[in-house]
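A.B. asks: For reference, the sequence and a predicted model appear below.
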Amino acid sequence: MSKPLIMGVLNITPDSFSDGGQFTEIEAAFEQAKQLVLDGADILDIGGESTRPGAARVSIGEEISRVVPVIEAVRDLGAQISIDTMNSQTALAALKAGATIINDVSGGKNDPEMFAIAAATNCTLVISHWRGHSDQMDRLNQYEQIGKEVAAELLEQVQLAKAAGVTKLVIDPGLGFAKDADQNWQLLDELDELQKLGLPILIGASRKRFIAARLPGEDTTEARDLATAELMQKLTEKYSLWGLRIHNVRATVARQN
């Protein structure tokens with residue numbers, strides 16, 4: 001089994017759940033990107049719209065104005081660049097600026113034109129499991145067999161993407177999106193259902209609420225990072241994963257080596 005790619009999170013937002021407002025200035029974003037690469041990030045995942053529970057939407061123009069200058073500033077740091085967006089217009093602007101991966105947490109459901117953009121540019125498209133926007137997703141967590149249902153819903157979007165001509169696909173179980181804490185853990189126990197689809201898998205669990213729910217002590221960012229690193233180690237021992245989406249790259253890389 002080869003080691004998974006490490007995708008370092010770089011949120012250019014004022015309201016992301018763990019680092020909102022820290023990297024909205026280009027200089028701060030550049031320094032953080034440089035540190036993520038030094039710590040071992042293979043990919044910089046740059047996003048301009050928060051998807052934390054209850055987050056408000058931002059206009060596409062605002063999203064583009066946040067991410068494009070940062071992509072242009074960090075594109076020569078030696079890492080691939082991923083654009084974390086649900087909007088095809090933002091994705092296209094980011095690809096023109098230097099991104100090579102689209103990370104769509106809605107899996108193409110928010111903007112069906114995303115598949116056409118990914119196909120036309122021949123970029124890698126990450127399709128996540130998603131049932132609704134952040135202001136409604138906590139009400140959409142009804143499952144009978146979560147592993148099978150998530151895999152089936154991902155497959156529907158994968159088939160649409162392939163029909164549109166997308167050839168480079170990665171799937172993501174969408175941890176934290178329309179899933180409560182117990183459901184996230186159950187889904188991780190049933191990742192073999194996703195592996196049956198025969199596609200590369202990205203895991204984005206870093207600092208999420210379901211990890212905090214099982215912390216033995218105080219809920220701090222450091223505690224979530226250490227727990228994330230331990231979880232990623234256990235998952236990569238059990239599954240062959242394409243990538244891990246991480247805030248604290250150094251802590252996770254240390255556990256992978």
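C.D. replies: Nice, thanks for sending it over. Numbering: from 1, shown residues only.

A.B. asks: Within its sheet, name the partner strands of the top strand by length along the chain and how each one runs.
C.D. replies: Secondary structure of the chain per DSSP state E: the longest strand is strand 5-11. According to DSSP bridges, strand 5-11 forms sheet pairs with strand 43-47 (parallel), strand 243-246 (parallel).

A.B. asks: quick one: which of those is nearest R139?
C.D. replies: strand 43-47 (23.6 Å; Cβ to Cβ). (Each C-beta comes from the backbone N, C-alpha and C, glycine too.)

A.B. asks: Next SSE downstream of that closest one?
C.D. replies: Per DSSP states H and E, the first helix or strand lying C-terminal to strand 43-47 is helix 60-74.

A.B. asks: now that next one: mean pLDDT?
C.D. replies: Here helix 60-74 scores 95 as its mean pLDDT.

A.B. asks: Count the residues that sit near P4.
C.D. replies: Neighbour count of P4, defined by other Cβ atoms under 10 Å: 22.

A.B. asks: Give me the phi and psi for the residue lying closest to it once chain neighbours are set aside.
C.D. replies: Ranked by Cβ to Cβ, 6 or more residues apart in numbering and with sequence neighbours excluded, the top spatial neighbour of P4 is L241, at 4.4 Å. Dihedral pair for L241: phi -110, psi 140, per degrees, to the nearest 10.

A.B. asks: For R255, what is the enclosing helix or strand?
C.D. replies: Using DSSP H and E, R255 sits within helix 249-256.

A.B. asks: Which elements pack onto that helix?
C.D. replies: strand 5-11, helix 26-39, helix 221-238 (3 or more Cβ pairs under 8 Å, 6 or more residues apart in numbering; DSSP states H and E).

A.B. asks: tilt between that helix and strand 43-47?
C.D. replies: 140 degrees (axes from the mean of the first three to the mean of the last three Cα atoms, to 10 degrees).

A.B. asks: Could you list the buried residues of helix 249-256?
C.D. replies: Within helix 249-256, the residues scored as buried using 16 or more other Cβ atoms under 10 Å are 249-253.

A.B. asks: now those as a markdown table including pLDDT?
C.D. replies: Shown next, in a markdown table, are the buried residues of helix 249-256 (pLDDT from 0 to 100):
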| residue | pLDDT |
| --- | --- |
| V249 | 97 |
| R250 | 96 |
| A251 | 95 |
| T252 | 96 |
| V253 | 95 |
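
A.B. asks: now the helix holding R255 and helix 221-238, what's the angle there?
C.D. replies: Going by the same axes, to 10 degrees, helix 249-256 makes 40 degrees with helix 221-238.

A.B. asks: from the helices and strands packed on helix 249-256, which stretch is densest packed?
C.D. replies: Here the criterion is mean neighbour count by mean count of other Cβ atoms under 10 Å, and of the helices and strands packed on helix 249-256 the winner is strand 5-11, at a mean of 26.

A.B. asks: Quick check: E156 vs R66, distance?
C.D. replies: According to Cβ to Cβ, to the nearest Å, E156 stands 31 Å off from R66.

A.B. asks: Oh, that last question was meant for A73, not what I typed.
C.D. replies: Remark: distance between A73 and R66 (Cβ to Cβ) = 12 Å.

A.B. asks: who has more neighbours, those two?
C.D. replies: Comparing A73 with R66 by neighbour count (other Cβ under 10 Å), the higher total belongs to R66, at 22 against 16.

A.B. asks: re the thing from before, ok, the residue nearest to P4 - contacts?
C.D. replies: Neighbouring residues of L241 by Cβ atoms under 8 Å, 6 or more residues apart in numbering: 4, 200-203, 235.

A.B. asks: Need the pLDDT of it.
C.D. replies: pLDDT recorded at L241 is 97.

A.B. asks: Could you do L36 as well?
C.D. replies: 97.

A.B. asks: which residue packs closest to it, ignoring adjacent ones?
C.D. replies: Once flanking residues are discounted, L36 sits nearest to G8: 3.5 Å by Cβ to Cβ, 6+ apart.
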